[in-house]
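Visitor: Quick one: sequence plus predicted model below, questions after.
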Amino acid sequence: MQAPNSSSISYGLKHQARCISAQTADRENNRWLVGTLSLRYENEVHVLQLGENSSELVCQGLYTHRDEIWDIAACPFNTSLFSTVYSRAGETGTAVWKIPESRGNKSVVLPVEVAASLSSVPQQWKCTLWWPSGQHPQVASIGTEKIVLWNVEFPQNMSQASAGGSNHLEVGSWDPHDFNNIATASEGSIQCWDLRTMSSSTKIDQAHVLQTRHIDFNPQKKHLIATAGDDSWIRIWDLRKPSSPLHNLLGHHHWTVRVKYNPKYEELILSSGTDAVVNLWRVIDGSLTKSPSGLPRGLEDSLLRSYTEHEDSVYGIAWSALDPWVFASVDYDGRVMVGSVPMSTRKKLKGKM
Amino acid sequence: MASKEQDEKSKRLRELLSSFYGSGSPESEARLGRRDTLQGINLPNFDSDHYIASLLRKTPVDRLLQRHVEMAAEIKNLDSDMQMLVYENYNKFISATDTIRRMKENVSGMESNMDQLLNTVTVVRGKSDGINASLCERRERIEELNGTRSLLRKVQFIFDLPQRLRKCMSAENYAAAVKYYQGALPILTAYGQSSFRTCKEESDAIISTLVRRLQVQVMDPSASLPARAQAVSLLQQLNHPVDTMMDTFLSRHGDVEAKSNFYLSKRVASNQGLKALEISVSRKDLLEEDEKDFIEEFLEKAVTFRELFPKGEERLLQASTEFFDDYFETVQRSLQPESGNTSAAELTASFHQLSVDVARMNELVPEANLPGRASEAVENAVRKHVSSEFQSLYSRIKASLTVADPLRDPDSKLPQKTLKSFLEIAQKTIIDGSLEVLQDLKELLDNSRLYLLRWADEYTDLVQGGFQELFTNLVDHFLFLCVRSVETSSLSDKAQSPQTVTPTLILLVSLLSVYLYQTAVPRITELVGTWFPGGGAMGSDGRPAFVPSEICRFFSTTGERLLQQYVDIQARKLSVIVRKAVDTPNWLKYKEPRDVRMFVDLLLQEVERLQAETQQLLPPGPHRTHRRSDSSGSIGSSRSASLREDGHRLVSSRSNARSQLLERDVARLFTEKVEIFTKLEYNQPWVISTVVKMTLKTFEECVRLQTFNRSGYQQIQLDCHYLREPLQNLVENGTVVEIMLDEVCSAASERCQDPVPLETAILDRLVQMKKAKMESVREGPPIPIAP
């Protein structure tokens, strides 16, 4: 499968795909997990690794996963564990899987094994989040109506919070600075949850005009989150000041579906949209001058680069866990691409550190 | 012997005489000594023996005889001389002795007389001392009495003072009265508290009446000027505070001011009451009349004042400064009436009047720096005029926008061309208003060149700065509207609050921006350049006051942003409809499709409305017909056919996933990549097609998030099939619509558990049914929105 642009590194999946996750537990390789989304065929989980000289994307493991994968998250401490949210015939479930031991015969594609499953709670699941730091068996699963905190080792051991009312949770993110805090999105609003009491705390009433598609916490600075939505904007918020965003980035031409902070350089933000573009942003505090009417002028200045090699909507992006200058993205067509931060930007950021 | 004696005698005599007369020189002696001793008979050291011996020796007898005779004669002469001398001197001696004797006698008599005199004098002195002592006492007494007498006379004067004053008062001899009073004043002040209290009080009372009378006299305009001046000087002598007099004198200008205020209020009243034409005439007249009165009076006053108070120059200056403060305030007020706008002509007329007045007043009070203040007032007036011109223009433009806004009720069927006319009105407001302002300001400059001469450059900068500010304000206002529309767009479905910015307004404003940077700003720049050349004075930051290129850039970006915003809002509206339609049903339990769903009608209605709206404002765009014929051509249909084929194959060969993927890629290779997001263009097709493309993209994305059963897929298929034709008609480039609808269908088939498409014949039949129903409904009541 040849990429249209020879300089970009790409890998083709057999099926359509929506999700990708960096394997953070692997400290030696740039690895990602990609799950496919095929309604009628058996789905696969690919373990992709960026080759020695960063010139090609190599498949390090291929496992079958019966149901279509809507969300995938690699375990942060064990390379053989990952969680998915899957769907079969309209029913969704979430489970933690174990990658099977290779028995020498590489030609046989093995199925992943269930490590733990949250089958007891019927719910329209949206995503599962691992404990944000260190080895901890606790995971959080977000469904349209519930947040469930459960233990991978004892799946029965769980606590729940009900979203309540007509809210339909769409996506969530675990605060890396405060393990008791999870932010979720429903429709246009953002809601924070205190996991000790399993009740809601801070709320941003209208983060986006239409659906909010994704939330990501700033890995370096507390209280900051980035959100992406169907109104095509990317917004940066300070949770202590939920009335107005700190920054507005005119993200994509259609929906902006993903937004991700770089794990090391928090000024770098990656976003992807249904306009088949991956955008790399650099947001510096106070860099945007505001006109008297309050509308920022010169928004485009913070856009570092657009990666336009994809041909369909890009639903999944993930920074590499090892190399902060590398990221992977997957489009609906099943094409995984690896991109990198431009050299000029790297120099600037390195100089700043 | 005798001769010898004689010689000796004469010699001695001579000696005596010579010693007496001081003659006889040692030279002659020496000479004689050396000479023959015979010759030295007259010398003191003459040796008669030697002389005789030598004479006897040297001289013969006859000669001796002769000599003897000679000598005897000589001796005789000498003797007689001697006798003469003795006689004479003797007489003198005798008289001297007599005199001495008489003197001796007299002096001895005088001694006693002197003693007698001394005694007498001593007696006289003693007597006179006695008299003096006895008289001294009396003299002191007399002197004392004398003092008392004069004091009594003064006291008398003071006691008489009131009466005298009264007399003077009745005779109106004020000057004398003042003189008297002035004379008595030291005593009165010294003893007024004790001895002369009544007297003082009385005279004070009289003087105060006098003062009053004098004041009256001063203030009496009918009295003659010298009399009044005299009164003033008298008052001054009486230490009466002239300053307060001046104040009271000058304060009578208050009446003038009150009068002017009265005029002013009258004018304002007339402003409200009268029609525009009459106002301008009457206002001008009133102004002139008012000012004339005002100034005449002041001039008169000032002249009088100067006569009356020759020393009050400073006060006059101060008072006139105060007066002019009021005056200029009045003038400024008259230059800027609260209601309405003064035109340049009126302003010029006022300036003229002002300059005439000021010139006159300046002659009178040159110290008051009137021309400076007048030019300051003119400058202020002009500045205010310019800024008010621009402000009114800005508010007019804004008003033209707000007028356009409330009419954007989507339900009301506006007559054709209305939006166009709104745009035209707004454009006309901008260009005409700007030209009007320019014309007006130019007129002002031309007519008032004299008054503006000093800061003509600044004036030019003022005008240019005014335009700069106007346009930046407009840009800000436009951006503000844009932001507002972002904030309110989510609420716009629920409630139409008055603050809501409708999308149409955004479109209107966007086009206005284009008009501004393409037409209005260049034109205004040109006019400003020709009418207000120079303007050398730079602004504070060293840049020209008016930067048209910058303004154009602002408007260009603003226009694009606004158009983008308009498209976004419209697309969002449609997307909400599509999204509800896709998200709401339970697709896994969907029943076989019977009819095209309602949302499609809603969608088409919206697009049609959008088209109707944009048609009025936006140009139709280039090569429209050509592209349309192209759109319904072979490319789109061939692709859709291939996809449908694709769907069939999926059913038949489930296992061959690899080939399916390959198939898809190959198909993709041969179809052009859909350019959903093309570069922004100011024409209707671009707007419509962008909105439709965005909507269809949303449709596709929503479908991708669902899972369908066979009937669900078929429903989507049916909806898309129905949309195909009308959308192709609406959108300029139909191919794109075709491709995108195909993609929606393929997305649905991918998300379908059992993707069996409906036969084309059935699709067509259902679509025909729907169309027929639509035809019948269109005559009937409006369609209710699908649940």
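Guide: The structure has been received and is ready for your questions. Numbering: from 1, shown residues only, chains lettered A, B, ... in the order given.
Visitor: from here on, contacts and neighbour counts on C-alpha atoms
Guide: Noted.
Visitor: Just to be sure, residue A:227 is in a strand?
Guide: Yes. Residue A:227 sits within a strand when classified using DSSP: H, G, I helix; E, B strand; the rest coil.
Visitor: give the contact list for it.
Guide: By CA atoms under 8 Å, 6 or more residues apart in numbering or on different chains, the residues touching residue A:227 are A:207, A:212-216, A:234-237, A:259.
Visitor: Switch the residues you listed over to JSON lines; also include pLDDT.
Guide: Formatted as JSON lines, the contacts of residue A:227 follow (pLDDT from 0 to 100):
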{"residue": "A:207", "pLDDT": "83"}
{"residue": "A:212", "pLDDT": "90"}
{"residue": "A:213", "pLDDT": "91"}
{"residue": "A:214", "pLDDT": "92"}
{"residue": "A:215", "pLDDT": "93"}
{"residue": "A:216", "pLDDT": "93"}
{"residue": "A:234", "pLDDT": "89"}
{"residue": "A:235", "pLDDT": "89"}
{"residue": "A:236", "pLDDT": "89"}
{"residue": "A:237", "pLDDT": "89"}
{"residue": "A:259", "pLDDT": "93"}
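Visitor: got those residues as JSON lines, with secondary structure columns?
Guide: Below are those laid out as JSON lines (three-state DSSP):
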{"residue": "A:207", "secondary structure": "coil"}
{"residue": "A:212", "secondary structure": "strand"}
{"residue": "A:213", "secondary structure": "strand"}
{"residue": "A:214", "secondary structure": "strand"}
{"residue": "A:215", "secondary structure": "strand"}
{"residue": "A:216", "secondary structure": "strand"}
{"residue": "A:234", "secondary structure": "strand"}
{"residue": "A:235", "secondary structure": "strand"}
{"residue": "A:236", "secondary structure": "strand"}
{"residue": "A:237", "secondary structure": "strand"}
{"residue": "A:259", "secondary structure": "strand"}
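Visitor: all strands of the stretch 151-300 of chain A, in order?
Guide: A:158-162, A:169-174, A:181-186, A:189-194, A:199-204, A:212-217, A:224-229, A:233-238, A:247-250, A:256-261, A:268-273, A:278-282 (DSSP state E, counting those that start in this stretch).
Visitor: by how many degrees do the helix or strand of chain A with the lowest mean pLDDT and strand A:189-194 diverge?
Guide: The weakest-scoring helix or strand in chain A, judged by mean pLDDT, DSSP states H and E, is strand A:158-162 (a mean of 79). Counting by axes from the mean of the first three to the mean of the last three CA atoms, to 10 degrees, strand A:158-162 lies at 140 degrees to strand A:189-194.
Visitor: Report the buried residues of the helix or strand hosting residue B:216.
Guide: Assigned by DSSP states H and E, residue B:216 falls within helix B:197-219. Neighbour-count burial for helix B:197-219, counted by 16 or more other CA atoms under 10 Å in any protein chain shown, picks out B:199-200, B:202-204, B:206-207, B:210-211, B:213-215, B:217-219.
Visitor: Name the residues that touch that helix?
Guide: B:158-159, B:161-162, B:165-166, B:169, B:174, B:181, B:188, B:191-192, B:223, B:227-229, B:231-232, B:235, B:249.
Visitor: What count of nearby residues applies to the closest residue to chain A within the stretch 251-400 of chain B?
Guide: Proximity of the stretch 251-400 of chain B to chain A (CA to the nearest CA) peaks at residue B:398, 15.4 Å away. Other residues lying near residue B:398 total 18 when counted by other CA atoms under 10 Å in any protein chain shown.
Visitor: what about it, is that helix, strand or coil?
Guide: helix.
Visitor: if I look at residue B:197, how far off is chain A?
Guide: Per CA to the nearest CA, to the nearest Å, residue B:197 is found 81 Å from chain A.
Visitor: Quick check, pLDDT for that residue.
Guide: pLDDT recorded at residue B:197 is 75.
Visitor: for the stretch 151-300 of chain A, which spans come out with low pLDDT?
Guide: A:164-166, A:285-300 (pLDDT under 70).
Visitor: from chain B, which residue is nearest to chain A?
Guide: residue B:480 (5.2 Å).
Visitor: about what we covered before: ok, and what's touching the least confident helix or strand of chain A?
Guide: A:145-151, A:198-199.
Visitor: Neighbour-wise, give me the winner out of those residues.
Guide: Neighbour max across the contacts of strand A:158-162 (other CA under 10 Å) = residue A:147, 27 neighbours.
Visitor: would you list the contacts of strand A:158-162 in a markdown table and tack on distance to residue B:79?
Guide: Shown next, in a markdown table, are those (distance: CA to CA, whole Å):
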| residue | distance to residue B:79 |
| --- | --- |
| A:145 | 194 |
| A:146 | 193 |
| A:147 | 191 |
| A:148 | 193 |
| A:149 | 192 |
| A:150 | 194 |
| A:151 | 195 |
| A:198 | 187 |
| A:199 | 185 |
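Visitor: What's the first helix or strand after the one helix or strand residue B:131 maps to?
Guide: Using DSSP H and E, residue B:131 sits within helix B:61-170. Remark: after helix B:61-170, the chain's next helix or strand is helix B:174-191, criterion DSSP H and E.
Visitor: Quick check: residues of the stretch 1-150 of chain A near chain B?
Guide: A:14-15, A:39-41, A:89-90 (CA under 8 Å from any CA of the partner chain).
Visitor: Now for the residues you listed: which two are most distant?
Guide: A:14 and A:90 (22.0 Å; CA to CA).
Visitor: Contacts only, for the residue of the stretch 251-400 of chain B closest to chain A.
Guide: By CA under 8 Å, 6+ apart, no residues touch residue B:398.
Visitor: Now do the phi/psi pair for the residue of the stretch 51-200 of chain A at minimum distance from chain B.
Guide: Closest contact between the stretch 51-200 of chain A and chain B, by CA to the nearest CA, is at residue A:90 (6.5 Å). Residue A:90 has phi and psi values of phi 80, psi -10 when expressed as degrees, to the nearest 10.
Visitor: surely it meets residue B:587?
Guide: No. The pair residue A:90 / residue B:587 is not scored as a contact, 9.2 Å apart, by CA atoms under 8 Å.
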